[in-house]
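Trainee: requesting a structural model of the entry that follows:
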Amino acid sequence: MNINLQAKTITLPQIPKKIKKITGTRLAPILGLSPWTTDFEVWCDMTGTYKIPFEDTIYTIAGKVIEPKVIAYLDKKYYFGKGLLKGAEDWYGKTTKELRFDHFPDESIFGGMWDARTKTALYELKTTKRVEDWYKGGKFSPPEYYKVQGALYAYLLGLDEFRMVLTILEEKDYANPENFEPSPTNTIVKKYSVAAEYPNFSDKLDAALAWYEKHIDGCVSPMWDDKKDKEIVKALTTAHVSLPAEGEEQDIVAALIQQIEPLQAKLDALSETVAEDEKTLDQLKKQLKAELESRMKESDKKIEVAGQAYRFEVTKAAAGGIDTDRLKKDGLYEQYKKTGFTTKITIGRNAV
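Mentor: As a prediction, this is how the structure comes out:
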């Protein structure tokens with residue numbers, strides 16, 4: 001793997017043996033439709049170059065618990081509870097190993113996992129508390145990066161109708177998702193036609209295939225974004241040194257670290273004490289400065305006092321920070337001219 005810092009790209013020596021498919025969540029970034037994910041991140045994930053570590057959160061857990069509830073609710077609402085709307089496991093009878101992470105095993109490049117479907121319609125389910133992302137001008141309007149996901153899965157299934165489903169959650173629902181009950185108030189559905197919404201949807205797939213040919217088959221990543229891809233680039237450009245395990249022969253790095261760590265720990269402990277002393281010293285110096293200033297005459301430029309070990313001075317300096325040339329040009333200098341001084345305190349060790 002060659003990382004070109006100037007071009008902001010990565011070149012692979014050859015096409016990896018296993019390439020992940022272009023799923024609904026990856027299609028939007030590839031087409032430049034996602035505000036959150038870049039096509040560089042997608043490329044890293046698809047090629048196995050780097051994947052951002054995933055950990056379940058209260059949001060993902062809530063989605064997993066609530067999704068079956070929403071499917072059952074929608075089946076009852078639209079299909080009289082006859083079980084015509086099904087999730088993948090129920091649709092296929094069981095989730096086989098081949099279908100566990102991809103519901104389109106016969107597709108070589110495109111794939112993914114749809115949420116629910118009937119014989120004629122695909123349902124894409126989302127949960128959120130960020131309702132504002134789903135409304136434009138006061139009207140319910142699912143984000144484009146989610147819509148193309150639903151359209152892709154419908155298209156791959158040979159369906160025209162797809163429905164975007166938003167289930168709005170509150171904090172209590174994330175804390176106790178098992179208690180959530182879908183209703184017309186918290187679950188909104190919008191119906192779409194692939195042909196009507198995307199008359200040339202195949203063009204989007206052609207654009208994704210062109211991206212695939214250039215970046216996957218071509219083994220060269222898209223350019224990374226300095227801000228959005230910062231963590232990925234940092235991880236890929238950071239080398240890690242493994243220290244020998246206990247009982248193994250130590251190298252020079254391990255030997256040096258063994259000597260450094262106790263010294264650093266000692267200095268860190270001292271720094272905590274020093275930090276408190278510095279805070280106290282700063283307060284005392286401010287008090288001394290104020291007291292010495294009060295004893296200066298207007299003609300004095302400096303006042304000093306000698307302690308047992310240190311000499312303390314407070315000096316005056318003309319105050320600055322004003323653009324006098326511009327003030328003079330605007331005819332305001334004389335009007336607002338003000339004489340003043342700033343002072344500072346310095347401490348120097350007494351001569352022995």
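Trainee: average model confidence for stretch 94-107?
Mentor: The pLDDT scores in stretch 94-107 average 81.
Trainee: quick one: residues contacting residue 216.
Mentor: For residue 216, the contact set (C-beta atoms under 8 Å, 6 or more residues apart in numbering) comprises 15, 19, 43, 46, 47. For glycine as for every other residue, the C-beta is placed from the backbone atoms N, C-alpha and C.
Trainee: same thing with residue 88?
Mentor: Residues near residue 88 by C-beta under 8 Å, 6+ apart: 95, 99, 103, 113, 114, 115, 116.
Trainee: so what's the fourth one scoring on pLDDT?
Mentor: As predicted, residue 113 sits at a pLDDT of 94.
Trainee: three-state assignment of it?
Mentor: Here residue 113 is recorded as coil under DSSP: H, G, I helix; E, B strand; the rest coil.
Trainee: what is the neighbour count of the nearest residue to it once chain neighbours are set aside?
Mentor: Distance criterion C-beta to C-beta, 6 or more residues apart in numbering; nearest residue to residue 113, sequence neighbours excluded, is residue 103 at 5.2 Å. Using other C-beta atoms under 10 Å, residue 103 has 21 neighbouring residues.
Trainee: hang on, residue 103 packs against residue 115?
Mentor: No: counting by C-beta atoms under 8 Å, residue 103 sits too far from residue 115 to count as a contact (10.1 Å).
Trainee: about what we covered before: in ChimeraX, how would I select the buried members of the contacts of residue 88?
Mentor: The ChimeraX command for the buried members of these (criterion: 16 or more other C-beta atoms under 10 Å) is given here:
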select :95,99,103,113,114,115,116
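Trainee: export the contacts of residue 88 as JSON lines, with columns for distance to residue 51.
Mentor: Shown next, in JSON lines, are those (distance: C-beta to C-beta, whole Å):
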{"residue": "95", "distance to residue 51": "22"}
{"residue": "99", "distance to residue 51": "21"}
{"residue": "103", "distance to residue 51": "21"}
{"residue": "113", "distance to residue 51": "17"}
{"residue": "114", "distance to residue 51": "22"}
{"residue": "115", "distance to residue 51": "22"}
{"residue": "116", "distance to residue 51": "27"}
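Trainee: nearest to residue 277, of the contacts of residue 88?
Mentor: Nearest to residue 277 among the contacts of residue 88: residue 113, at 60.6 Å, using C-beta to C-beta.
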